[in-house]
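# Just need the structure, nothing else, for what follows:
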Amino acid sequence: MRTNRQRLACLAYAIAGSAVAVCSCSPTAAQSSAGQSGNGGGGGSGTIDSGTPAGVSQEGGTCATANTLRCGLDVTGRASNAVLLCSGAIFSKVFQCPGLEACANIQGHDQVRCGGSGSGASGDGTYFAATDLPCVTEGAQSCSFDQTTVLRCSKGSWATAVHCAPSACQNLPIGDGTSCSGTWCANCGYTMGDMCDFSAGGVLCSTDLGAIVQCTDGQVTLYETCSPKTCARTSAAVPSIACM
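Below is the predicted model:
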């Protein structure tokens, strides 16, 4: 089973007419190794904690491990898709999986999965975590509860890496024709000032599609403003980024 500890699998493109530059966001060996325990958050899917099924924890109940997330019951005791945070030795509800999506615990309990079948495939369910809570795997990625940002595990805690608005954070499948996969903004964009590590000379679209952006010293900066046009990936045999 592939874990969800991979980072963004993406391509950073050159300007139309130039060669494609490959982004340095591919998963590391540790991030993509099969059967890795603990919860990740950077792309495909996580390892489901079958030993802690949803429902054993309850909102308002006592807990032992601070700053961990678990699926559980609401205050009525009925089965639910609630996400509980252990804080002050008490479980508090901090989120609820959207719609009727089931909540699944992830080994390590630094995130949960909403929806999906647990197959381990990229795009199977969406992974959620909370900013500043402890995380297990450096470089792993997960969505914020409101799906406005991509969180990255940095130095032992979840940090905001990419702002997705007006897009939304999702777990994107591989091979759907986009330039990214795993936990990322749905339109594969970046916002100025976001963390980045794609290759020098490569460019991508901003999340609002109003600009072409580049990565400068680990931070997203403006390459070209597209207004009144929009930033898009060309459909040429060798894709590129252009204002169209």
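
# tell me which strands and helices the host helix or strand of F95 is in contact with?
Taking DSSP states H and E as the definition, F95 sits inside strand 90-96. The criterion is 3 or more C-beta pairs under 8 Å, 6 or more residues apart in numbering; DSSP states H and E, and the helices and strands that strand 90-96 contacts are strand 69-73, strand 82-87. All C-beta spots, glycine's among them, are computed from the backbone N, C-alpha and C.

# Now it: average pLDDT?
Strand 90-96 carries an average pLDDT of 94.

# And stretch 61-77, by the same measure?
On average, the pLDDT along stretch 61-77 is 88.

# what do you get for stretch 201-208?
Mean predicted confidence for stretch 201-208 is 92.

# For the remainder of this discussion, apply numbering that starts at 2.
With the count now opening at 2, the last piece we talked about shows up as stretch 202-209.

# Endpoints of that stretch, how far apart?
21 Å (C-alpha to C-alpha, to the nearest Å).

# circling back: check the helices and strands packed on strand 91-97 for me and report the most buried one.
Counting by mean count of other C-beta atoms under 10 Å, strand 70-74 has the highest mean neighbour count of the helices and strands packed on strand 91-97, with a mean of 25.

# Parallel or antiparallel, list what pairs with it.
With DSSP bridges as the test, strand 70-74 is paired with strand 58-59 (parallel), strand 83-88 (antiparallel).

# ranking those by mean pLDDT, which is last?
Among the strands paired with strand 70-74, strand 58-59 scores lowest, with a mean of 89.

# Count residues in the vicinity of N68, would you?
Counted with other C-beta atoms under 10 Å, residues neighbouring N68 total 14.

# quick one, what contacts C144?
Taking C-beta atoms under 8 Å, 6 or more residues apart in numbering, we find C144 in contact with 127-130, 150-152, 170-172, 184.

# wait, I meant C232
Contacts of C232 by C-beta under 8 Å, 6+ apart are 190, 206-207, 210-213, 242-245.

# Could you give me the ChimeraX syntax to select whichever of those are buried?
Selecting only the buried entries of the contacts of C232 in ChimeraX, with 16 or more other C-beta atoms under 10 Å as the criterion:
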select :190,206,207,210,211,212,213,242,243,244
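
# Would you quantify the distance from C181 to D125?
16 Å (C-beta to C-beta, to the nearest Å).

# who has more neighbours, these two?
Set C181 next to D125 and count neighbours by other C-beta under 10 Å: C181 wins out with 23 against 19.

# For the contacts of C144, pick the one with the most neighbours.
With neighbours taken as other C-beta under 10 Å, the top of the contacts of C144 is T184, carrying 35 neighbours.

# re earlier: include distance to C72 when you put the strands paired with strand 70-74 into CSV, please.
Output for the strands paired with strand 70-74, formatted as CSV (distance: least, C-beta to C-beta, whole Å):
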stretch, distance to C72
strand 58-59, 7
strand 83-88, 6
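
# May I have the secondary structure class of the residue nearest to L173 when sequence neighbours are not counted?
Closest residue to L173 apart from its sequence neighbours, by C-beta to C-beta, 6 or more residues apart in numbering: S182 at 5.0 Å. At S182 the chain is in strand, as set by DSSP: H, G, I helix; E, B strand; the rest coil.

# Touching, S182 and Q171? I think so.
No. Using C-beta atoms under 8 Å, S182 is not in contact with Q171; the gap is 10.4 Å.

# what's the weakest-modelled helix or strand in the protein?
Lowest mean confidence among the helices and strands of the chain (mean pLDDT, DSSP states H and E): helix 30-33, at a mean of 28.

# follow-up on the earlier one: which of the helices and strands packed on strand 91-97 sits closest to G202?
The minimum distance between G202 and these falls on strand 70-74, with 39.0 Å, by C-beta to C-beta.
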